[in-house]
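Student: Just the structure for this:
(chains A and B)
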Amino acid sequence: MSVRAQAKISDGLLKRADRPVVIAFACIVALLLVGSLYSRSFLSPEYLLQQLKVASFLGVIATGTMIVILLGQIDLSVPWVVAVGGMMSTAATGWGPAGEALAIPFGIACGVALGLVNGFGVAYLRIPSMIITLAVNAVAQGLMVVHTGGFSPQDSSSPAMRTLATGDLVFGLPNALIVWAVVGAGTIFLLNRTTFGRAVYGIGNRERAAYLSGIDTQRIVLIAFAIAGGLSAFGGVLLAGYASKAAQAMGDAYLLPAIASVVLGGASILGGRGSYFGTIAGVILITLLQSILSVVQMPEAGRQIIYGVVIIAMLLLYGRESRAR
Amino acid sequence: MTDWRYVFSQNRATLLAFVFFVVMFAIYSSNHPAGFSANVVQTAANKGVLLALVAMSQTFVVITAGIDLSVGAMFVLTNCLASWIVVGTAWTGALGVAGVLLTGLACGAVNGLIVIVGRLQPIVATIATGAVFFGLALALRPTPGGDVYGPLADALTGRVFGVLPASLVALAAVVVVIWIPYRRSVIGRAAYAVGSSEQAAFMSGVPVDLAKFCAYVLSGLAASMGGLFLTFVTYSGEASAANGGTYTLYSIAAVVLGGVSLYGGSGSAIGAIFGALMFRTIGDLLFVFNLDPLWQPLFQGLVLLAAICVGAARLFQVRNRLELFE
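Tutor: The predicted structure is shown next:
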């Protein structure tokens, strides 16, 4: 029986797009079971909630990354847009009461501005996204270096940011998790129930066809990149609240996990295919993997190796392209 | 004699990169406090050659329309390895060099196998292998340190006949020994064909898989030369995540500045080398103009942004809006 026929049989039970999501969630359960062999605490609600809280920072950032990947593009400017979000919101906090009140929207707005530059370059100047986002990343880094060195801004976050990232106002659920849930629900609605979302999938499949069917593809790409920039910066705002201060390299650790979690969730890096549930699974999977490796006191070297091997192994399980021709 | 125009148009991007580099380096050295001296050139060359080798490594893969985000990690891994095994006497040093280069080849082969046999997208596959390579580097050198065989390091980072930087001579040798034969071989031409259109290449009987595999393997080799050279410059090995990340990103920038198309099928490693040297010179320009070093990253970023926006000039040639969406 050919692979295709096997896939068809499993299609009877699950929609084709959902298969990676199911595998990813199965891997999460497997990870937890393996972890619980080492220590019972891996199955305790406190540990799981803590993990979900940590995952929500990556979750917010990965949401933006996913929208861009659905377009068939990539956003390499994540590290410094995250840093811009964190650093500009803490800087605004230092500008008096008005600044403190507007700290969070201001941080996000800075990210949207950088996202607009990305989107303009990709959509209207037709520069490959890999290059323009790389350049915007470099410019954002330069701006932040000048900003910290030249103006010595405040780097501690406002009480509102701290509450948003570390508090738990409703039923003991971490606020960060609620934020991620809201962002996630918004994204699912946007992608599945609006013309914008359908256009994003359309462009990811073939921009030419989407254009010929009357979609203003350039505007959609511009908006999508702006959203991605805003979400990255929002992730930075949350991280600054979590650590109660912003630092220059705070976003460096988020680019690769964000891309990896989107891809592990079954989205095609070529665009046009993938669901948000997959990204949720990918984010939780990556966070759990990192957490378990650090709990068992694996040295950083081993952690990196296992991390890479797991990503490759999982992709070989279900992320392979069909043979061309 | 009549086809010089074709040769010219084929190498226009490389020539442009060369001209830009010469102009920038002229501005740089004429404003340098020490002037255009052998010392200035030697320092600039040593820094430039590091990035040039990594950019060359990136070029091999980019020509086949792939991308290798693990070049930085391979560079760091081979640096750490070299700080262990390229030591002792001339003989053990030479064995060590061979070992380092073989490791680079092996890393490239792993990337190639995962992309070709595993059929994963190069961008994700090399992100993951990059993590593995970096983990190995950390295992080798949890803290910076190590040593290198001194005479060889001094010879390669010094000067030939007191004027010419040895690193540039070595780089030229690499180009002559590896790039030019590769470019003229069947495999090299196949790599360009695969980059232009994999389907068409396959239909014409081009050895698609072999060409891609060789590209990844050579990429690993060039990255390991970069790592080896870093060891010669710093006399030590360091598993620095920052180094790995920057060199990967800068290698893409250098490749683009050097006129290699990220869509594959055009450009040359020589262009990428000049792109790398140019990128390094941009970074140093502010220094000679006595501006605050604080502004250097921003300046470098803006120049990069401006340079790639120049590429958008081709939009003026578009006759039909549909051509935009190819």
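Student: alpha carbons only for contacts and neighbour counts from here, please
Tutor: Fine.
Student: Where does pLDDT dip in the stretch 1-150 of chain B?
Tutor: Along the stretch 1-150 of chain B, the model assigns pLDDT under 70 to residues B:1-2.
Student: Which residue ranges of it form helices?
Tutor: For the stretch 1-150 of chain B, the helices defined by DSSP state H, counting those that start in this stretch occupy B:4-10, B:12-31, B:38-63, B:71-85, B:90-116, B:122-140, B:150-157.
Student: Compare those and give me the one nearest A:Tyr276.
Tutor: helix B:122-140 (18.6 Å; Cα to Cα).
Student: Give me the distance between B:Ser196 and B:Ser261.
Tutor: Counting by Cα to Cα, to the nearest Å, the separation of B:Ser196 from B:Ser261 is 10 Å.
Student: before we move on, what about B:Val49?
Tutor: With Cα to Cα as the criterion, B:Val49 and B:Ser261 are 21 Å apart.
Student: the more surrounded of those two?
Tutor: When B:Val49 is set against B:Ser261 and neighbours are counted by other Cα atoms under 10 Å in any protein chain shown, the residue ahead is B:Val49, at 23 against 20.
Student: so what's that one up against?
Tutor: B:167-168, B:171, B:226, B:277 (Cα atoms under 8 Å, 6 or more residues apart in numbering or on different chains).
Student: Turn the residues you listed into CSV, including pLDDT.
Tutor: CSV is the format used below for the contacts of B:Val49 (pLDDT from 0 to 100):
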residue, pLDDT
B:Ser167, 91
B:Leu168, 92
B:Leu171, 94
B:Gly226, 95
B:Leu277, 92
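Student: neighbours around A:Thr195, how many?
Tutor: Counted with other Cα under 10 Å, A:Thr195 comes out at 12.
Student: if we can go back for a sec, which one of the contacts of B:Val49 is nearest to chain A?
Tutor: Closest to chain A out of those is B:Leu277 (17.6 Å), distances taken as Cα to the nearest Cα.
Student: quick one, what contacts the closest residue to the closest one other than its chain neighbours?
Tutor: Spatial nearest neighbour of B:Leu277, excluding adjacent residues (Cα to Cα, 6 or more residues apart in numbering or on different chains): B:Gly48 at 5.0 Å. Applying Cα under 8 Å, 6+ apart, we find B:Gly48 in contact with B:276-277, B:280.
Student: Quick test: name the residue nearest the centre of the chain.
Tutor: Answering for chain A, as no chain was given. Residue closest to the average C-alpha location in chain A (Cα atoms, centre = their mean): A:Ala62, at 0.8 Å.
Student: actually it's chain B I care about, not the one you picked
Tutor: Short answer for chain B (Cα atoms, centre = their mean): B:Ala55, at 1.4 Å.
Student: So it is in contact with B:Ala276, correct?
Tutor: Yes - using Cα atoms under 8 Å, B:Ala55 is in contact with B:Ala276, at 6.5 Å.
Student: Report how many residues lie close to the residue of the stretch 201-326 of chain B found nearest chain A.
Tutor: Proximity of the stretch 201-326 of chain B to chain A (Cα to the nearest Cα) peaks at B:Leu298, 3.5 Å away. Burial measure for B:Leu298: 21 neighbouring residues, criterion other Cα under 10 Å.
Student: Give me the nearest residue to B:Pro33, chain neighbours excluded.
Tutor: Using Cα to Cα, 6+ apart, the closest residue to B:Pro33 is B:Val288 (7.2 Å).
Student: my bad, should have said A:Ser77
Tutor: Using Cα to Cα, 6+ apart, the nearest residue to A:Ser77 is A:Asn137, at 4.3 Å.
Student: Please name the residues that touch that neighbour.
Tutor: A:Asn137 sits in contact with A:76-81, B:301, where contact means Cα under 8 Å, 6+ apart.
Student: returning to that earlier point: spit out the contact partners of the nearest residue to the residue nearest to the centre of chain B once chain neighbours are set aside.
Tutor: Nearest residue to B:Ala55 in three dimensions, chain neighbours excluded: B:Ser251, at 4.4 Å (Cα to Cα, 6+ apart). Shown in contact with B:Ser251 (Cα under 8 Å, 6+ apart): B:51-52, B:54-55, B:58, B:276.
Student: Neighbour-wise, which one of these leads?
Tutor: Neighbour max across the contacts of B:Ser251 (other Cα under 10 Å) = B:Ala55, 37 neighbours.
Student: Quick check: bridge partners of B:Pro165?
Tutor: Here B:Pro165 sits in beta bridges with B:Arg159, going by DSSP bridges.
Student: my guess is A:Gly86 meets A:Ala240, correct?
Tutor: Yes - using Cα under 8 Å, A:Gly86 is in contact with A:Ala240, at 5.2 Å.
Student: what residues are shared contacts of the two?
Tutor: By Cα under 8 Å, 6+ apart, the residues touching both A:Gly86 and A:Ala240 are A:246-247.
Student: Those two: which has the busier surroundings?
Tutor: With neighbours defined as other Cα under 10 Å, A:Gly86 and A:Ala240 compare such that A:Gly86 has more, 37 against 28.
Student: residues from the stretch 151-300 of chain A in reach of chain B?
Tutor: A:207-208, A:256, A:259-260, A:263, A:269, A:300 (Cα under 8 Å from any Cα of the partner chain).
Student: Quick check: the farthest pair among those residues?
Tutor: A:Arg208 and A:Glu300 (45.1 Å).
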